[in-house]
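**Q** Compute the structure for the input listed below.
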Amino acid sequence: MAWLHVVAPRGATPTATSKCLCGRDRSAVGRAKVLALITDHEAHRDTCPLRTPQEGRAAA
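**A** Below you'll find the predicted structure:
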């Protein structure tokens with residue numbers, strides 16, 4: 001459901017894209033931002049509405 005695509009050629013600036021069927025579409029350029037996006041992508045697994053049942057949840 002979710003894809004993380006990282007490109008890090010030797011000697012070039014790394015880039016990454018995080019996409020999900022729920023509509024998430026984020027990108028990052030630069031080592032620090034790519035690492036942060038990887039962490040955010042992993043956290044998205046626990047919060048994605050397509051992976052987390054919504055029934056029975058209390059309204060905020």
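**Q** just for this structure, where's the confidence low?
**A** 52-60 (pLDDT under 70).
**Q** Show me what the one helix or strand Thr17 maps to is packed up against.
**A** Taking DSSP states H and E as the definition, Thr17 sits inside strand 15-20. Secondary-structure packing of strand 15-20 (3 or more C-beta pairs under 8 Å, 6 or more residues apart in numbering; DSSP states H and E): strand 2-7, strand 25-29, helix 31-47. Where C-beta positions appear, they are placed from N, C-alpha and C, glycine not excepted.
**Q** who wins for proximity to Pro14 among those?
**A** Judged by C-beta to C-beta, the one of these that comes nearest to Pro14 is helix 31-47, at 4.8 Å.
**Q** which residues does Pro49 contact?
**A** The contact partners of Pro49, by C-beta atoms under 8 Å, 6 or more residues apart in numbering, come to Cys22.
**Q** That one belongs to a helix?
**A** No - assessed with DSSP: H, G, I helix; E, B strand; the rest coil, Pro49 is coil; it does not lie in a helix.
**Q** so how far is His41 from it?
**A** 15 Å (C-beta to C-beta, to the nearest Å).
**Q** Counting neighbours, which bits of stretch 26-43 end up buried?
**A** 28, 34, 37, 41 (16 or more other C-beta atoms under 10 Å).
**Q** Identify the residue spatially nearest to the last one, adjacent ones excluded.
**A** What it means is His41. Ser18 (4.3 Å; C-beta to C-beta, 6 or more residues apart in numbering).
**Q** Burial check on that neighbour, number of neighbours?
**A** Using other C-beta atoms under 10 Å, Ser18 is surrounded by 20 other residues.
**Q** tell me the centre residue of the protein?
**A** In the chain, the centroid-proximal residue (C-alpha atoms, centre = their mean) is His41; its distance is 2.7 Å.
**Q** for that residue, what are its contacts?
**A** Counted by C-beta under 8 Å, 6+ apart, His41 has contacts 2, 4, 18.
**Q** you'd agree the first one is up against Ser18?
**A** Going back to what we said before, that points to Ala2. Yes - with contact defined as C-beta atoms under 8 Å, Ala2 and Ser18 form a contacting pair (7.1 Å).
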